[in-house]
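Participant: coordinates only, sequence not included:
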């Protein structure tokens with residue numbers, strides 16, 4: 001689909017300027033944000049985030065069909081065993097239900113003459129099934145596609161989807177809107193229409209951390225300034241979103257990423273009240289030809305997804321959208337990268353040489369699904385110690401995710417109020433088996449042996 005292709009092109013542009021050094025996120029904001037005081041409501045790694053949400057995990061890019069290439073689209077559908085789009089969409093929805101992935105970002109592109117395009121048959125199915133949808137608005141040809149019919153079309157679109165509470169305006173504008181005046185104009189065209197309908201607004205954020213050039217961040221600094229100057233609403237947006245793609249989920253990178261965005265928001269007076277979402281992230285399997293991230297096994301992908309969810313949530317990132325459910329095919333922009341990022345094999349990639357059939361679930365399918373089902377009704381996420389993360393849940397016992405983040409062989413859990421804990425691995429072994437054990441708690445504490453593979457710890461009474 002066009003939105004899928006544009007997304008890949010945008011990501012390709014960002015990767016074209018990537019820095020190979022691990023310190024790619026270090027100093028790019030030095031001349032944009034200076035001496036911004038740390039917001040006391042947003043302390044660092046070990047602080048609790050004060051928020052309450054029903055669930056954390058969802059999906060982006062769920063309908064990953066190559067609609068611009070009909071032959072390849074039919075090849076994908078045939079390999080997966082689907083007669084057409086609707087069967088494919090039904091399979092995507094069935095997987096999302098099984099995974100407890102209760103949110104989806106859905107894309108609408110304005111093509112002019114009062115028309116928005118998107119995979120609306122899928123979106124309607126999702127809305128009927130009770131998924132929370134976040135709408136994403138983009139003009140198909142940037143600002144030049146906005147005509148006199150746009151306002152009326154947007155009003156009708158928002159009205160058509162009454163259950164879409166959040167609307168993301170734009171996507172990766174630092175890549176696609178190089179003229180600093182155009183994206184704010186688009187945002188300011190959409191903002192009052194969405195607000196008038198009583199909906200919330202997600203401001204499209206910086207693409208991802210791979211473009212180490214400060215130009216991206218200077219550009220977004222200008223975007224925010226123009227939006228504030230042109231919007232009479234004291235709070236032009238409710239959520240700031242960003243993307244995070246990396247070969248490994250280093251906690252220090254995520255900490256720097258989040259701090260950079262919060263500093264930028266604080267510089268413009270948004271230190272409090274603006275939520276952070278990650279509307280695109282993911283980990284590949286195999287060894288895609290670009291970018292040069294190297295080989296990831298299924299175990300690597302599952303482990304890194306657990307790290308990603310844990311690190312992002314501990315940094316007060318409230319919602320995380322993974323790319324994607326079923327692997328894509330023939331994606332433009334970055335050959336093979338997004339095609340190898342799903343949780344279900346499509347039967348057209350490297351897995352063919354290993355005898356893995358289409359529709360086979362990867363190990364990360366369990367990892368994602370278990371985390372999504374447990375991380376419900378969150379009220380706080382805390383890094384208690386390196387490799388020990390506590391998730392507090394309204395009306396439920398807190399749960400922990402643990403691993404040897406600092407290379408340690410054991411971790412200590414304290415302040416436990418139950419007599420036992422259930423410990424289960426978050427990464428299945430090669431037979432699909434999950435290790436589980438029941439351990440006793442003594443004096444509110446217990447010591448647990450850990451490895452690089454994350455484990456879920458759930459306090460229980462019996």
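Facilitator: Everything's here; your move. Nothing here was measured: the structure is a model prediction, and the numbers come from that model. Numbering: from 1, shown residues only.
Participant: List the contacts of the spatially most central residue of the chain.
Facilitator: Among the residues of the chain, residue 321 comes closest to the average C-alpha position under Cα atoms, centre = their mean, at 2.9 Å. Counting by Cβ atoms under 8 Å, 6 or more residues apart in numbering, residue 321 makes contact with 57-60, 103-105, 134, 277-281. All C-beta atoms are positioned from the backbone trio N, CA, C, and that covers glycine.
Participant: which of those count as buried?
Facilitator: Buried by 16 or more other Cβ atoms under 10 Å: 57-60, 103-105, 134, 277-281, out of the contacts of residue 321.
Participant: From those residues, which land in strands?
Facilitator: Within the buried ones among the contacts of residue 321, residues falling in strands by DSSP state E are 57, 58, 59, 103, 104, 105, 134, 277, 278, 279, 280, 281.
Participant: Adding distance to residue 207 as columns, could you present these in CSV?
Facilitator: Listed next are these as CSV, based on distance: Cβ to Cβ, whole Å:
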residue, distance to residue 207
57, 21
58, 19
59, 19
103, 21
104, 20
105, 15
134, 17
277, 14
278, 12
279, 11
280, 9
281, 12
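Participant: Tell me where the model's unsure across the chain.
Facilitator: 1-53, 142-143, 145, 178, 180, 208-216, 249, 271, 331-333 (pLDDT under 70).
Participant: what are the ranges of the helices in it?
Facilitator: Applying DSSP state H to the chain gives helices spanning 2-15, 70-80, 85-98, 120-129, 150-160, 173-176, 182-196, 214-230, 251-267, 298-314, 363-374.
Participant: To residue 401, which of the ones you listed lies closest?
Facilitator: When these are compared by Cβ to Cβ, helix 298-314 sits nearest residue 401, at 4.9 Å.
Participant: Could you tell me the angle between that closest one and helix 251-267?
Facilitator: 30 degrees (axes from the mean of the first three to the mean of the last three Cα atoms, to 10 degrees).
Participant: how far off helix 363-374 does helix 298-314 point, in degrees?
Facilitator: Using the same axes, to 10 degrees: helix 298-314 against helix 363-374 is 30 degrees.
Participant: picking up where we left off before, show me what contacts the closest residue to the residue nearest to the centre of the chain other than its chain neighbours?
Facilitator: Using Cβ to Cβ, 6 or more residues apart in numbering and skipping residues adjacent in sequence, the residue nearest residue 321 is residue 60, 4.1 Å away. By Cβ under 8 Å, 6+ apart, the contact set of residue 60 is 104, 105, 279, 280, 321, 322, 323, 324.
Participant: give me that answer again for 7 Å
Facilitator: Residue 60 makes contacts with 105, 279, 280, 321, 322, 323, 324, as judged by Cβ atoms under 7 Å, 6 or more residues apart in numbering.
Participant: ok, so of those, who is nearest residue 74?
Facilitator: residue 324 (19.7 Å).
Participant: do you know how far the closest one is from residue 108?
Facilitator: 18 Å (Cβ to Cβ, to the nearest Å).
Participant: Then residue 387?
Facilitator: Using Cβ to Cβ, we find residue 387 at a distance of 41 Å from residue 108.
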